[in-house]
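A.B. asks: Structure for the following, please:
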Amino acid sequence: MSADLIHALEQLEKDKGIDKEVIIEAIEAALISAYKRSFGSSQNVKVFIDRQTGDFKVFALKKVTSNPQNDLLEISVENAKKINPGLEENDVVEIEVTPRKFGRIAAQTAKQVVVQRIREAERGIIFNEFSNKEGEIVTGIVQRTERKNVIIDLGKAEAILPLSEQIPGEEYKFNDRIKTYIIEVKKTTKGPQIIVSRTHPGIVKRLFELEVPEIYEGIVEIRSISREPGSRTKIAVFSKDDNVDPVGACVGQKGTRVQAIVDELRGEKIDIIKWSSNIQEYISSSLSPAKVVRVDVNEEEKSAKVTVPDFQLSLAIGKEGQNARLAAKLTGWKIDIKSESQLRATIEQQLLNFDGSYNALNDGEDNSYSDQGYNPAEYYENYEEAENTLDEDEKDFVDESDE
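C.D. replies: Numbers count the residues shown, from 1 in each chain. All right, here's what the predicted structure looks like:
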């Protein structure tokens, strides 16, 4: 031991953020164990390291007693007073027992403790750094694949992209630079384990915050996101400033902002919807790019019946029901979509039953629409009003399809 050790510990404190005193105390504890292994474990000893010179000393701790029974643990009052006249019975005296050949053992032990403490400190620093980044985006470089899990180098640590968090069909090649979303940071015996995702809806939110200053500044808010990774995402946005168009802010000039996000997600389509407190308007917008004729909501069941032009039905539903499914997730409402011709057929049948052509009461059943607070004739009038709101081109199309 020497002043070089103290200097090295001071340098570690600056570079790694490890408290010098913590390492010295750990070395002292390790030297006690090393001494007992080499020179007997039955005695009580204390190791002291000089904080200035780095020199160490080993002291045996003995209890002062008038009738000592164990020379390794006890000392007589007379002998204790020879060491320090002020000692009395039941005091503890420190007697230096530093071995001559203890230097090599001490050096090896100190090295092991320092290395171990450095590793623990680095792991702790990395864990604290990344645990504070849960829910954030990090950029890393693809290193390798282990059991279908992709290992990504984040600089100070490696992250794991599990198969369940990978976008279907997306390839991850060596040295590819990709952005991922931290979903969890765990403490393990081998250091912090960082789990990242490419499928979490949060990655879309964070990407918009990076690309759209109005979102980062809080002028535009993201109210809801529904996503099917690798295929399509719907995002509902709202502006606190009436002079700022939330959809336009997210799209950017000539679509540059949203295109950057689409490129990062490797071609995933993104529908940007304007959020509205009016649930009918919100549901209507959520089915974009399809145009909606009418929305009837049931507040209690939190469900909505949506009517679209015949030629828009497949667009509103989407491939394999994707558009309707994403709209339902986005709004949190159950959505039932029908075309105008389907709705017209349903209403006409209800009107036929309602005007007495078929009276279910004659069969002993009570199918009274008035009891249910529902009048098909009134509904049909409302439907005709809604139909009149169609654009001229859409009305022409509907009229031709009716013929």
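
A.B. asks: How is this protein partitioned into domains?
C.D. replies: Per the record, the chain has its domains at 3-129, 133-198, 200-275, 288-403, by automatic domain parsing.

A.B. asks: Lowest mean pLDDT across the ones you listed, which one is that?
C.D. replies: Among those, domain 288-403 carries the lowest mean pLDDT, a mean of 70.

A.B. asks: for whichever strand or helix holds residue 346, packing partners?
C.D. replies: Following DSSP states H and E, one finds residue 346 within helix 340-354. Applying 3 or more CB pairs under 8 Å, 6 or more residues apart in numbering; DSSP states H and E, one finds that helix 340-354 makes contact with strand 303-308, helix 376-387, helix 392-402. To be clear about C-beta, it is placed using only N, CA and C from the backbone, and glycine gets the same treatment.

A.B. asks: just checking, what packs against the longest helix along the chain?
C.D. replies: Secondary structure of the chain per DSSP state H: the longest helix is helix 102-131. In this structure, helix 102-131 makes packing contacts with helix 3-16, helix 20-39, strand 177-188, strand 191-197, judged by 3+ CB pairs under 8 Å, 6+ apart.

A.B. asks: which stretch among those comes nearest residue 98?
C.D. replies: helix 20-39 (9.3 Å; CB to CB).

A.B. asks: which of the residues in the closest one are buried?
C.D. replies: Neighbour counts over helix 20-39 (16 or more other CB atoms under 10 Å) mark 20, 23-24, 26-28, 30-32, 34-35 as buried.

A.B. asks: Can you pull the phi and psi angles for residue 271?
C.D. replies: Main-chain dihedrals, residue 271, degrees, to the nearest 10: phi -100, psi 120.

A.B. asks: And for the residue lying closest to it once chain neighbours are set aside, the neighbour number?
C.D. replies: Excluding its sequence neighbours, the residue lying closest to residue 271 (CB to CB, 6 or more residues apart in numbering) is residue 234, at 4.6 Å. Neighbours of residue 234 under the rule other CB atoms under 10 Å: 27.

A.B. asks: How much space separates residue 234 from residue 289?
C.D. replies: Residue 234 is 11 Å from residue 289, where distance means CB to CB, to the nearest Å.

A.B. asks: what is in contact with those two at once?
C.D. replies: Listed as contacting both residue 234 and residue 289 by CB atoms under 8 Å, 6 or more residues apart in numbering are residue 271.

A.B. asks: and the buried residues of helix 20-39, which two are the farthest apart?
C.D. replies: 20 and 35 (22.5 Å).

A.B. asks: May I have the residues that are in contact with the residue nearest to residue 271?
C.D. replies: With CB under 8 Å, 6+ apart, residue 234 has these contacts: 225-227, 270-271, 273, 286, 326-327, 329-330.

A.B. asks: Closest to residue 147 out of these?
C.D. replies: Once CB to CB is applied, the member of the contacts of residue 234 that ends up nearest residue 147 is residue 227, at 26.0 Å.

A.B. asks: How about the secondary structure of the closest one?
C.D. replies: strand (DSSP: H, G, I helix; E, B strand; the rest coil).

A.B. asks: Burial check on it, number of neighbours?
C.D. replies: So residue 227, with other CB under 10 Å, has 23 neighbours.

A.B. asks: Spit out the contact partners of it.
C.D. replies: 199, 201, 204, 233-234, 326.

A.B. asks: Select only the buried ones of those residues in ChimeraX?
C.D. replies: Per 16+ other CB under 10 Å, the buried members of the contacts of residue 227 correspond to this ChimeraX selection:
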select :199,201,204,233,234,326
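
A.B. asks: could the contacts of residue 227 go into TSV alongside secondary structure and distance to residue 317?
C.D. replies: Below are the contacts of residue 227 laid out as TSV (DSSP: H, G, I helix; E, B strand; the rest coil; distance: CB to CB, whole Å):
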residue	secondary structure	distance to residue 317
199	coil	24
201	helix	22
204	helix	23
233	strand	18
234	strand	14
326	helix	11
